[in-house]
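Asker: need a 3D model of the following:
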Amino acid sequence: MRPFEGRRILLGVTGGIASYKSAWLARLLSQEGAMVDVVMTKSATEFIAPLTFEALTGRPVHTALIAQGHALDHIKLAKAADAIVVAPATADFCARAAHGRADDLLAAILLATEAPVLICPAMNDRMWAHPQTRLNSKHLREIGYGVLDPEVGALAAGEGSGEGRMPEPETIVAHVARMLDDASFKGRHVVVTAGPTRELVDPVRVLSNRSSGRMGVALASAAWRRGANVTLIAGPLEIAPPVGATLVRVETTEEMSIAVQRAAANADVLVMAAAPADFRAAEMATAKIKKGSSAPTIELTPTPDILRESAAHMRAGAVRVGFALETNNGVANARHKLESKSLDMIVLNDALEPDAGVGVETNRVTIISRDGSAEEIPLMLKREIADIILDRIAAHLE
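Answerer: Coordinates of the predicted model:
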């Protein structure tokens, strides 16, 4: 599912130093399949040339409220937009938008549109902290606009660090995607686990596996985009956590088990995409085990079975989904796991298949349900598979 495919996104750019980030935002939106109409205020053109956006989007850039021969551009652009994002939005623009001004093209478009609007303020930290700016931001939300608060970070030269930095373009894209999606999981609480766990053998060595966390992160990201409240319980990840999810960091299987029990009580869906270690050292060495003439013997003991134990902590009607990473007899082993742990659905991966499974961007899976059906999903990106899995989960919830 690509929420931007064939959609028209109007990107408003106002005159702040953060406008250089807007060029990358335009690029990302275009790469996602959106048609991007850029509207710049006069002051924005002092920071970055309109030609830059035209080169990135392949579409003309709009700057004037009344252009020669185009007196109704604000109406046409407002009606054509599926979503509007203003990034950066200066303190001046936020004030004008909050009070319904229409003294330039971008402000007039906001008054004429029925599309969802996301405002991304970016300014000096003292300007953002001013009571009038905060009132304007509050009023923008009351009007019905989304407002993405600025982040803490480095500001313009000589101003150090503070709250006022425009969010990163990738973060903005995720929020716009959530505005555009079908909200099929709105009001649902989805708990996802991701990544490996690590079990200490001695103070420096661990038992673990090759899981990167990509599949779990893709599932958490897609669920949040589709309107869910998402809790992501993650071991050590190789990639950045997704926008929007509440992140719970864990290290060991025991820690992941405790975190799942706490989150599961209020969950509508639990997706165990993590690869927790099945064993740990029965006794962890208190000092580093030195290399000697013979290899040491390490006694192992099982770790908690998180998926099996989760059933006792979830409310009736909640959906539980497991993953099975197998090297042989995949379907038979996955069906046994589904039955023995009373799951609603299990997703089978082949650990030996090239370009699929752990540590890569793509996957090929088989989705097995309690009714006995087994659906083979061809090789595709994990973020695409995430949406297919969520579609099947939605059917269970219904």
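Asker: just the helices in the stretch 251-398 of the chain please.
Answerer: 253-264, 306-310, 330-340, 382-397 (DSSP state H, counting those that start in this stretch).
Asker: turn the ones you listed into a markdown table, columns for mean pLDDT and distance to residue 4.
Answerer: (Each C-beta comes from the backbone N, C-alpha and C, glycine too.) Formatted as a markdown table, the helices of the stretch 251-398 of the chain follow (pLDDT from 0 to 100; distance: least, CB to CB, whole Å):
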| stretch | mean pLDDT | distance to residue 4 |
| --- | --- | --- |
| helix 253-264 | 97 | 30 |
| helix 306-310 | 93 | 35 |
| helix 330-340 | 94 | 34 |
| helix 382-397 | 95 | 13 |
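Asker: got those as CSV, with mean neighbour count and distance to residue 298 columns?
Answerer: Putting the helices of the stretch 251-398 of the chain into CSV (neighbours: other CB atoms under 10 Å; distance: least, CB to CB, whole Å) gives the following:
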stretch, mean neighbour count, distance to residue 298
helix 253-264, 20, 16
helix 306-310, 20, 23
helix 330-340, 16, 26
helix 382-397, 19, 33
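Asker: how about the ones you listed, which one is nearest residue 80?
Answerer: helix 382-397 (26.6 Å; CB to CB).
Asker: what separates the closest one from the chain centre, distance-wise?
Answerer: Chain-centre distance of helix 382-397: 15 Å, with CA atoms, centre = their mean, to the nearest Å.
Asker: just stretch 175-193 next, same as before
Answerer: 10 Å.
Asker: kindly check the end-to-end length of it for me.
Answerer: Using CA to CA, to the nearest Å, the end-to-end distance of stretch 175-193 comes out at 22 Å.
Asker: same thing with stretch 74-90?
Answerer: Termini of stretch 74-90 sit 20 Å apart (CA to CA).
Asker: now it: how far from the chain's centre is it?
Answerer: Going by CA atoms, centre = their mean, where stretch 74-90 is centred and where its chain is centred differ by 23 Å.
Asker: so which bits of that stretch are buried?
Answerer: 74, 77-78, 81-90 (16 or more other CB atoms under 10 Å).
Asker: ditto for stretch 53-69
Answerer: 53, 56, 57, 61, 62, 63, 65.
Asker: just give me the closest of those residues to residue 369.
Answerer: Closest to residue 369, out of all of the buried residues of stretch 53-69 and judged by CB to CB, is residue 57, at 42.7 Å.
Asker: closest to residue 294 out of the helices of the stretch 251-398 of the chain?
Answerer: Nearest of the helices of the stretch 251-398 of the chain (CB to CB): helix 253-264, 29.0 Å.
Asker: list the contacts of that closest one.
Answerer: Helix 253-264 is touched from outside by 191, 193, 197, 199, 231, 233, 235, 248, 250, 270, 272, 274, 276-277, 280, 303-304, 306, 309-310, 313-314, 318, with contacts defined as CB atoms under 8 Å, 6 or more residues apart in numbering.
Asker: what about 6 Å?
Answerer: Residues from elsewhere that reach helix 253-264 (CB atoms under 6 Å, 6 or more residues apart in numbering): 191, 197, 231, 233, 248, 250, 270, 276-277, 303-304, 306, 310, 313-314.
Asker: pull the most distant pair out of those.
Answerer: Using CB to CB, these span at most 23.0 Å, a distance reached by 277 and 314.
Asker: skipping adjacent residues, who's closest to residue 74 in space?
Answerer: residue 108 (4.0 Å; CB to CB, 6 or more residues apart in numbering).
Asker: could you pull up phi and psi at that neighbour?
Answerer: phi -60, psi -40 (degrees, to the nearest 10).
Asker: look up how far residue 102 lies from it.
Answerer: 4 Å (CB to CB, to the nearest Å).
Asker: and for residue 330?
Answerer: 62 Å.
Asker: what's the answer for residue 13, then?
Answerer: Taken as CB to CB, the span from residue 13 to residue 102 is 18 Å.
Asker: what about those two, which has more around it?
Answerer: residue 13 (32 against 16; other CB atoms under 10 Å).
Asker: and for the nearest residue to residue 300 once chain neighbours are set aside, the neighbour number?
Answerer: With sequence-adjacent residues excluded and distances taken as CB to CB, 6+ apart, residue 300 is closest to residue 279, at 4.1 Å. Applying other CB under 10 Å, we find 14 residues neighbouring residue 279.
Asker: I'd say residue 279 and residue 304 touch.
Answerer: No - using CB atoms under 6 Å, residue 279 is not in contact with residue 304; the gap is 11.3 Å.
Asker: of the contacts of helix 253-264, which is the nearest to residue 156?
Answerer: residue 248 (35.2 Å).
Asker: wait, is that closest one part of a strand?
Answerer: Yes - the assignment for residue 248 is a strand, going by DSSP: H, G, I helix; E, B strand; the rest coil.
Asker: roughly how far apart are it and residue 258?
Answerer: In terms of CB to CB, residue 248 sits 10 Å off from residue 258.
Asker: per-domain residue ranges of the chain.
Answerer: Split into domains by automatic domain parsing, the chain comes to 8-180, 189-397.
Asker: just how off-centre is the shortest one within its chain?
Answerer: I take that to be domain 8-180. Taking the mean of its C-alpha atoms, domain 8-180 sits 21 Å from the chain's own mean (CA atoms, centre = their mean).
Asker: endpoints of it, how far apart?
Answerer: 11 Å.
Asker: hmm, residue 337 is touching residue 324, no?
Answerer: Yes - counting by CB under 6 Å, residue 337 does reach residue 324; the two are 5.3 Å apart.
Asker: so which of the helices of the stretch 251-398 of the chain comes closest to residue 213?
Answerer: Of all the helices of the stretch 251-398 of the chain, helix 382-397 comes closest under CB to CB, at 10.4 Å.
Asker: export the closest one as PDB, just CAs?
Answerer: Output in PDB follows, covering the C-alpha atoms of helix 382-397 (Å, rounded to 0.1, in the frame of the first residue of the first chain):
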ATOM      1  CA  LYS A 382       9.100  -5.900   3.900                       C
ATOM      2  CA  ARG A 383       7.000  -2.700   4.200                       C
ATOM      3  CA  GLU A 384       4.700  -4.100   1.400                       C
ATOM      4  CA  ILE A 385       4.400  -7.400   3.200                       C
ATOM      5  CA  ALA A 386       3.600  -5.500   6.400                       C
ATOM      6  CA  ASP A 387       0.500  -4.100   4.800                       C
ATOM      7  CA  ILE A 388      -0.600  -7.500   3.600                       C
ATOM      8  CA  ILE A 389      -0.200  -8.900   7.100                       C
ATOM      9  CA  LEU A 390      -2.200  -6.000   8.500                       C
ATOM     10  CA  ASP A 391      -5.000  -6.600   6.000                       C
ATOM     11  CA  ARG A 392      -5.300 -10.200   7.200                       C
ATOM     12  CA  ILE A 393      -5.300  -9.000  10.800                       C
ATOM     13  CA  ALA A 394      -8.000  -6.500  10.000                       C
ATOM     14  CA  ALA A 395     -10.200  -9.400   8.700                       C
ATOM     15  CA  HIS A 396      -9.700 -11.200  12.000                       C
ATOM     16  CA  LEU A 397     -10.700  -8.100  14.000                       C
END
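Asker: I appreciate the help and will end here.
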